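1. structure for this input, please:
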Amino acid sequence: MKVYFETLGCKLNQFETEALINLFKQKGFDIVFDIKECDVVVVNTCTVTTKAETKSFNAIKKAKRENKLVVATGCYATTDYDYLKKDLCVDIVVKNDDKFKIPEVITSKENLLRKGFIDRIEPVGVSQGDTPVSPEKGCIDKIEPFVFVSSFERTRAFIKIQDGCNKFCSYCKIPFARGRSKSLDPEKILSFTEELVKKNYKEIVLTGVNISDYNYNGYKLYNLVKDIIEVDGNFRIRLSSLQPDEFDKKMIDFLNNEKFCPHFHISLQSGSNSVLKRMHRNYTKEYFLELTKQIRMAKKDTGITTDIIVGFPLETDDEFNETLKLVEMVEFSRLHIFAYSKREHTKASLLADLPRETKKMREKILERKFKDVVSDFVRREIIGKPQKILIEEKKDNLYTGYTGNYFKFYTRKDNLCLNNFYSLIPVRFEIKNTSVELYDY
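-> Numbers count the residues shown, from 1 in each chain. Got it, this is the predicted structure:
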């Protein structure tokens with residue numbers, strides 16, 4: 001049976017699709033990359049914005065127009081399960097918790113004949129197959145799956161150390177899609193790290209919905225990173241997104257360790273205290289600024305990346321200008337800008353929305369501000385200074401890779417080897433949208 005995957009949304013969704021692909025291969029399925037060639041389409045959906053939901057549903061409809069067996073899974077399939085279950089475009093709907101049982105479902109003749117649905121999402125505290133969970137601590141012995149190795153990458157591997165979220169920000173549906181926070185047994189994480197390093201993966205990325213909340217019976221993210229750094233081998237560790245109010249400042253001590261990528265992605269969302277309060281974000285702009293100052297004092301070329309929502313309900317010009325000011329003061333190295341998107345059943349959806357034109361205008365203004373600020377930072381701290389690059393790809397005598405502080409790097413040096421570290425000096429840069437690319441030629 002031939003299977004085609006369509007993935008919407010965040011990197012975690014993309015990583016989980018890669019894990020699903022590997023699982024399907026192990027079960028004897030053939031993976032194809034042309035929807036016309038497949039028997040089954042698996043759509044891994046997203047619910048983070050209205051646009052993402054629309055794209056998810058359009059992908060489902062497109063698959064059904066091709067007369068395929070359509071499986072919907074992921075966050076949109078979880079939050080809008082009952083709605084999708086009734087839709088004639090979907091044959092099988094699988095919630096996030098059961099995502100990795102899809103091969104079993106689509107090989108079941110009974111399910112295929114009666115248009116089957118998995119109708120279970122177990123809360124934390126209830127055994128889920130071979131996945132015992134402690135309700136007191138949110139500890140889990142197995143997150144299915146927890147190691148992602150892309151079919152297209154040979155340098156980087158991802159370990160999902162945590163899932164779920166307890167934050168309940170006023171604009172976000174993710175806690176409803178992913179459930180409460182759960183942390184994976186550190187012994188399993190360390191074991192897989194050792195195995196991946198032996199397989200010559202040079203960058204290990206710790207990922208999850210909110211890894212700042214990693215807590216296995218009091219063993220926290222700082223403890224985990226410290227132990228991973230002590231694993232023998234020539235590799236580096238990178239962290240995915242962190243929350244400001246849960247950021248352990250002891251993590252700053254790792255910045256000058258060769259095995260730790262000097263890069264923190266810390267989600268700001270807004271530079272206005274009044275907007276942060278409406279968002280139910282438990283920190284202030286002053287706290288965020290002080291945190292990033294301490295990071296840059298420890299290592300001044302540290303990459304600090306972030307997410308910002310513009311046009312949040314009731315956001316005034318003055319509140320937006322506060323965000324512009326904070327972006328200028330922090331000097332982010334990369335920015336993800338999102339126009340606010342109303343999500344049903346969230347508290348923010350009850351507030352007055354701003355016109356679409358206002359949101360678009362603020363997106364453009366913020367992007368221009370970022371480009372001015374990051375240009376100054378890169379010229380001062382990056383250009384002309386050695387950068388540690390992990391070479392990942394070669395095409396037409398051009399090598400590409402990433403620096404530890406998360407800039408994409410291009411070089412025409414001769415005789416470099418893929419999946420190796422090199423110290424290279426950038427001489428120029430370009431800004432593509434809201435990210436920076438470095439060149440040594």
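2. distance of residue 66 from residue 90?
-> Counting by CB to CB, to the nearest Å, the separation of residue 66 from residue 90 is 14 Å. Where C-beta positions appear, they are placed from N, C-alpha and C, glycine not excepted.
3. more crowded one of those two?
-> Neighbours were counted for residue 66 and for residue 90 using other CB atoms under 10 Å; residue 90 has more, 23 against 12.
4. I'd assumed residue 60 was in contact with the more buried one.
-> Yes. Counting by CB atoms under 8 Å, residue 90 does reach residue 60; the two are 5.9 Å apart.
5. intersection of neighbour lists for the two?
-> Counting by CB atoms under 8 Å, 6 or more residues apart in numbering, the contacts common to residue 90 and residue 60 are 70, 72, 84.
6. top of these by number of neighbours, please.
-> Neighbour-wise, the shared contacts of residue 90 and residue 60 (other CB under 10 Å) top out at residue 72, 30 neighbours.
7. contacts only, for it.
-> When contacts are counted by CB under 8 Å, 6+ apart, residue 72 touches 43, 45, 56, 60, 84, 90, 92-94.
8. which ones are touching the closest residue to residue 303 other than its chain neighbours?
-> Nearest residue to residue 303, sequence neighbours excluded (CB to CB, 6 or more residues apart in numbering): residue 405, at 3.3 Å. Each residue near residue 405 by CB under 8 Å, 6+ apart is listed here: 261-263, 301-303, 333, 382, 387.
9. can you tell me how far residue 405 sits from residue 305?
-> 9 Å.
10. what touches both of the two?
-> Here residue 405 and residue 305 have 263, 333 as joint contacts, going by CB under 8 Å, 6+ apart.
11. and the two most separated of the contacts of residue 72?
-> Comparing every pair within those by CB to CB identifies 56 and 92 as the most remote, at 15.0 Å.
12. who does residue 423 bridge with?
-> Note on residue 423: beta-bridge partners by DSSP bridges are residue 388.
13. hang on, it packs against residue 385?
-> No. Counting by CB under 8 Å, residue 423 sits too far from residue 385 to count as a contact (10.1 Å).
14. any chance of the shared contacts of residue 90 and residue 60 in CSV, plus distance to residue 243, secondary structure and pLDDT?
-> Shown next, in CSV, are the shared contacts of residue 90 and residue 60 (distance: CB to CB, whole Å; DSSP: H, G, I helix; E, B strand; the rest coil; pLDDT from 0 to 100):
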residue, distance to residue 243, secondary structure, pLDDT
70, 35, strand, 92
72, 29, strand, 93
84, 30, helix, 88
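15. of the residues you listed, just say which sits nearest to residue 434.
-> Nearest member of the shared contacts of residue 90 and residue 60 to residue 434, counting by CB to CB, is residue 72, at 31.0 Å.
16. list the beta-bridge partners for that closest one.
-> Beta-bridge partners of residue 72, counted by DSSP bridges, are residue 43, residue 93.
17. picking up where we left off before, and the two most separated of the contacts of residue 405?
-> Using CB to CB, these span at most 14.7 Å, a distance reached by 261 and 382.
18. neighbour count winner among those two?
-> residue 261 (24 against 21).
19. identify each buried residue in the helix ranked longest in the chain, please.
-> For the chain, the helix reaching the highest residue count under DSSP state H is reported as helix 356-381. Across helix 356-381, burial judged by 16 or more other CB atoms under 10 Å covers 358-359, 362-363, 366, 369-370, 373-374, 377-378, 381.
20. likewise for stretch 236-249?
-> 236-244, 246-247.
21. stretch 309-319 too?
-> Residues of stretch 309-319 classed as buried: 309-313, 315, 319 (neighbour count, 16+ other CB under 10 Å).
22. doesn't residue 410 belong to a helix?
-> No. Assessed with DSSP: H, G, I helix; E, B strand; the rest coil, residue 410 is strand; it does not lie in a helix.
23. ok, it - how many residues close by?
-> Residue 410 has 18 neighbouring residues, counting by other CB under 10 Å.
24. now do the contacts for it.
-> Contacts of residue 410 (CB under 8 Å, 6+ apart): 398-400, 437-441.
25. from residue 238, how far out is the residue nearest to residue 303?
-> Per CB to CB, residue 405 is found 10 Å from residue 238.
26. spit out the residues that contact those two alike.
-> Shared contacts of residue 405 and residue 238, defined by CB under 8 Å, 6+ apart, comprise 261, 263.
27. show me the contact partners of stretch 270-277.
-> With CB under 8 Å, 6+ apart as the test, stretch 270-277 has contacts from 269, 279, 281, 283-286, 288, 308-309, 312, 315, 318-320, 322-327.
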